[in-house]
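Chemist: Below are the sequence and a predicted model for it; my questions follow.
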Amino acid sequence: MKKILDQTIYKWFNKFISGRHSLLWVYVLVLIFLALGVYFDSGFRFISYLILYSVVLISFYFMFEYFFRKNNSIQSVVKIFISKMELPDKSNFPLLLFIGSALFVIAHFLYLGEIPTLSALMSNDSFKIYCIRKDVTENSSTIINYISSFLLKAIIPFLLLYFYQKRNWKIFIPVLIISFFYSISLVAKSYVVTSFIPLLIFSFSQKHFWRLIGFAIIIFAGLNFLMFVANPSLRSGDVNQRIVQEHVSDKGVGLEKSMSNLADRTLFIPGKTVSGWFRAIPEYKPFLYGGGYRFLAPIIGQEYHEYSNELYPFMYPEYSKLGYAGAVNVASFMYDFANFGWIGLVYSAILLAFIFSFINPLFAGFDLIKFCLNIFYVLMLSSSSLFTLLFSGGWALIILLFLIMKRNFESEKIEIDE
């Protein structure tokens, strides 16, 4: 059995992640799923936009790759930048980062005055649960929200991978426990995935099968637990019957409902949302011409518009009438389309191509770690703004943490047996 796995799954996985362009091909797969969702929702009406975006992205990516690899001066600048970021091998930085993270978790719960997931679990009203989840960020200061986001989306995933890779079990176990507890405590389901995906991929690559199964169970249990928490109809019944009938009427019962909802959110909803934005802009909402960028709108003298919020009544009118308000997060390139139409798609593709090609030399010689630390953000481009992912989403931070601790990663053998 082991020989068969080595010659099939591991052989192809090794070949894929060791390739310089692995992140690009993962994103191409994301685009394929988005295109399928768009097609199932609106046919071929908007597929030409996705083709334009994909062609520009791939073309400019390989242009940037050729330029970066042939230009010695750029390579020198990158090497100097990396060397300035690194700390000495025996730095206590990861341990101090963990202690600081644990203290923040405690402080955050004291600040909130509750553990949101426990409060939601005690409620049988889906609207109240919705309010509990919403209040986590709306009733917190901007600083608290940013630190929490950085912790869940960058610091915790990095620390889990770092201490696991170092085989420092005395610290890894407490990090694991606190990470899981905090990732499920704020009601949102994505955090448990954010925290554990790098660990899951790394343990798979090292053929740590029992640990892999354990981490997979943690993710699966966390997601389904939060699904049950957020949907009282899956447990004792929802007193808000109107929402139950509209939202989960044909989804089966119990665990079947939970799994069906997860599948829809993962495979179908992102593409459907892209289709919805295409339908809404510019027929329902006009192009913003820069007013959709928080950093740019004041400079050009325009009012800032957050279409992810403003399009909620268009996308979900029945929920809006019942008092719900939310964000219709969409693929990164749609935020640029909302500002400048097809031109926005072109420059969005060029910018992302540059970012993908710039990440490669930063992780030179660490293809597996590059894949583990960046894969989630690449996947989240299907439902998040690129600028949000880079900054408040933690993508830039997790790259910075790797550069700081790069020498410590070099002290371990990180590879996959052929």
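Modeler: Sure thing, it's come through.

Chemist: When you work out contacts or count neighbours from here on, use the C-alpha atoms and nothing else.
Modeler: Fine.

Chemist: Please report phi then psi for Val193.
Modeler: phi -70, psi -50 (degrees, to the nearest 10).

Chemist: Spatially, which residue comes closest to it, not counting chain neighbours?
Modeler: Leaving aside its chain neighbours, Val193 sits nearest to Ile219 (6.3 Å; criterion: CA to CA, 6 or more residues apart in numbering).

Chemist: How about the secondary structure of that neighbour?
Modeler: Counting by DSSP: H, G, I helix; E, B strand; the rest coil, the backbone at Ile219 sits in helix.

Chemist: ok, now which ones touch it?
Modeler: With contact set as CA atoms under 8 Å, 6 or more residues apart in numbering, Ile219 has these partners: 192-193, 196.

Chemist: ok, now how distant is it from Ser179?
Modeler: Counting by CA to CA, to the nearest Å, the separation of Ile219 from Ser179 is 12 Å.

Chemist: Same check on Phe62?
Modeler: 38 Å.

Chemist: Could you check which of the two is surrounded by more residues?
Modeler: Neighbour count, other CA atoms under 10 Å: between Phe62 and Ser179, Ser179 has more, with 26 against 15.

Chemist: residues in contact with the more buried one?
Modeler: If you count contacts by CA under 8 Å, 6+ apart, Ser179 has them with 156, 195.

Chemist: Report the buried residues of the helix or strand that it is a member of.
Modeler: Using DSSP states H and E, Ser179 maps to helix 169-185. Residues of helix 169-185 classed as buried: 172, 175-176, 179-180, 182-185 (neighbour count, 16 or more other CA atoms under 10 Å).

Chemist: doesn't Ala120 make contact with Pro232?
Modeler: No - judged on CA atoms under 8 Å, Pro232 makes no contact with Ala120 at a distance of 9.1 Å.

Chemist: Name the SS class of Val77, please.
Modeler: Applying three-state DSSP to Val77 yields a three-state assignment of helix.

Chemist: Span of stretch 277-295 from start to end?
Modeler: With CA to CA as the measure, stretch 277-295 spans 22 Å from end to end.

Chemist: Can you give the contact residues for it?
Modeler: Stretch 277-295 is contacted from outside by 46, 296-297, 300, 302-307, 311, 314, 334-335, 337-341, using CA under 8 Å, 6+ apart.

Chemist: Any stretches of this protein with poor pLDDT?
Modeler: Within the chain, the ranges that satisfy pLDDT under 70 run 1-7, 72-75, 88-90, 235-267, 322-323, 410-418.

Chemist: tell me the strands in it, going along the chain?
Modeler: Counting by DSSP state E, the chain has no strands at all.

Chemist: quick one, helices of the stretch 1-150 of the chain?
Modeler: 2-7, 9-17, 22-42, 47-70, 72-85, 93-112, 116-121, 126-138, 142-150 (DSSP state H, counting those that start in this stretch).

Chemist: could I get these as a markdown table with distance to Phe158?
Modeler: Compiled in a markdown table, the helices of the stretch 1-150 of the chain are given as follows (distance: least, CA to CA, whole Å):
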| stretch | distance to Phe158 |
| --- | --- |
| helix 2-7 | 28 |
| helix 9-17 | 18 |
| helix 22-42 | 18 |
| helix 47-70 | 27 |
| helix 72-85 | 16 |
| helix 93-112 | 9 |
| helix 116-121 | 24 |
| helix 126-138 | 23 |
| helix 142-150 | 11 |
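
Chemist: right, and the ones you listed - which one's nearest Tyr377?
Modeler: Ranking these by distance to Tyr377, with CA to CA as the measure, places helix 22-42 first at 9.8 Å.

Chemist: The closest one - contacts with which helices or strands?
Modeler: Contact partners of helix 22-42 among helices and strands, from 3 or more CA pairs under 8 Å, 6 or more residues apart in numbering; DSSP states H and E: helix 47-70, helix 269-280, helix 367-380.

Chemist: Pull out the buried positions in that helix.
Modeler: 22-24, 26-28, 30-31, 33-39, 41-42.

Chemist: Quick check: the residue nearest to Val28 when sequence neighbours are not counted vs Ile355, distance?
Modeler: Nearest non-adjacent residue to Val28, counting by CA to CA, 6+ apart: Ser54, 7.7 Å away. Applying CA to CA, the value for Ser54 to Ile355 is 15 Å.

Chemist: ditto for Val229
Modeler: 37 Å.

Chemist: what about those two, which has more around it?
Modeler: Neighbours of Val229 and Ile355, each counted by other CA under 10 Å, are more numerous for Val229; the result is 23 against 13.

Chemist: wait, isn't that one in contact with Asn124?
Modeler: No - checked against CA under 8 Å, the pair Val229 and Asn124 is beyond contact range at 9.3 Å.
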